[in-house]
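>>> Sequence and predicted structure are below.
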Amino acid sequence: VSYHDKEGNLTRFEIKDYRDLPRCGQFSPPAGIRWEDVDFQWKSMRIRDKVEGERVIPLTPYVGSLLLDLKRRNQTPPPAFRIVRGKKVANDLDAWGPSPWVFASKTAESGRLQEPRIQHTKACAAASINGLTIHGLRRSFGTLAEWVECPAGIVAQIQGHKPSATAENVTLSEVRWVVG
């Protein structure tokens with residue numbers, strides 16, 4: 001999320017990459033995606049969920065571009081030096097390695113993003129948006145998908161719902177056709 005604060009400074013939150021993804025019912029499945037779960041060639045992503053255990057969802061061109069940018073940043077080593085309290089300090093490049101997690105965190109013990117609501121709340125407060133929840137973004141995704149006439153079965157599967165008789169039952173190839 002990029003926005004201008006009250007002083008006119010441009011601020012960005014890395015969390016934007018996660019919120020742009022369609023969500024499962026719980027935060028942990030998308031946060032637990034490893035790079036080995038993303039297939040850029042076939043434009044798909046494997047997600048673990050509580051319904052099927054594991055399933056494959058399509059990558060839209062937009063989400064694919066976000067993930068490619070994350071991968072590029074993940075695989076770029078830090079600079080040889082950094083400035084700490086006005087002094088040049090060498091980074092330990094021998095200990096550095098790219099994270100296996102798509103949504104990596106330098107501060108979390110697990111090495112992956114744990115709780116997105118903290119940054120989400122900060123971004124909403126800075127942008128003067130009240131009452132917008134991450135789950136509200138999930139509902140907006142469903143509404144927008146319906147508005148563009150995406151088949152209900154596809155939307156349900158992307159959101160982590162088990163296919164049922166009340167929603168269309170579609171295959172991954174049909175999903176790829178709809179999302180491009």
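Looks like it arrived, so ask away.

>>> Okay, and the beta partners of A90?
Legend: beta-bridge partners of A90 under DSSP bridges are F81.

>>> Burial check on it, number of neighbours?
A90 is flanked by 9 other residues according to other C-beta atoms under 10 Å. C-beta: built from backbone N, CA, C; applies to glycine.

>>> What distance do you get for it to V84?
10 Å (C-beta to C-beta, to the nearest Å).

>>> just E109 next, same as before
E109 is 23 Å from V84, by C-beta to C-beta.

>>> Could you do G131 as well?
39 Å.

>>> Quick check: phi and psi on R112?
The phi/psi pair for R112 (degrees, to the nearest 10) reads phi -130, psi 160.

>>> That one: how many residues sit nearby?
R112: 18 neighbours (other C-beta under 10 Å).

>>> Now do the contacts for it.
31-32, 99, 101, 103-105 (C-beta atoms under 8 Å, 6 or more residues apart in numbering).

>>> how about 10 Å then?
Neighbouring residues of R112 by C-beta atoms under 10 Å, 6 or more residues apart in numbering: 28, 31-34, 99-105.

>>> And the furthest pair within those?
S28 and S99 (16.7 Å; C-beta to C-beta).

>>> Please point out which parts of stretch 115-126 sit buried.
116, 119-120, 123-124, 126 (16 or more other C-beta atoms under 10 Å).

>>> would CSV of those with secondary structure and pLDDT be doable?
Formatted as CSV, the buried residues of stretch 115-126 follow (DSSP: H, G, I helix; E, B strand; the rest coil; pLDDT from 0 to 100):
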residue, secondary structure, pLDDT
P116, coil, 77
Q119, helix, 78
H120, helix, 84
A123, helix, 85
C124, helix, 88
A126, helix, 89
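
>>> Between the contacts of R112, which sits nearest K71?
V102 (7.9 Å).

>>> A125 versus the closest one, what's the distance?
26 Å.

>>> What segments of the chain are strands?
2-4, 10-12, 38-39, 44-49, 53-58, 81-84, 87-90 (DSSP state E).

>>> Can you say which of those strands is packed in most?
strand 44-49 (a mean of 18; mean count of other C-beta atoms under 10 Å).

>>> Show me the shaky parts of the protein.
1-31, 49-52, 162-180 (pLDDT under 70).

>>> For burial, what's the neighbour tally of P98?
Neighbours of P98 (other C-beta under 10 Å): 13.

>>> do you know how far it is from E115?
23 Å.

>>> repeat for K122
Taking C-beta to C-beta, one finds K122 at 12 Å from E115.

>>> Same question for G142.
Distance from G142 to E115, by C-beta to C-beta: 23 Å.

>>> go on, R85?
The spacing between R85 and E115, counted by C-beta to C-beta, is 29 Å.

>>> What of G160?
In terms of C-beta to C-beta, G160 sits 19 Å off from E115.
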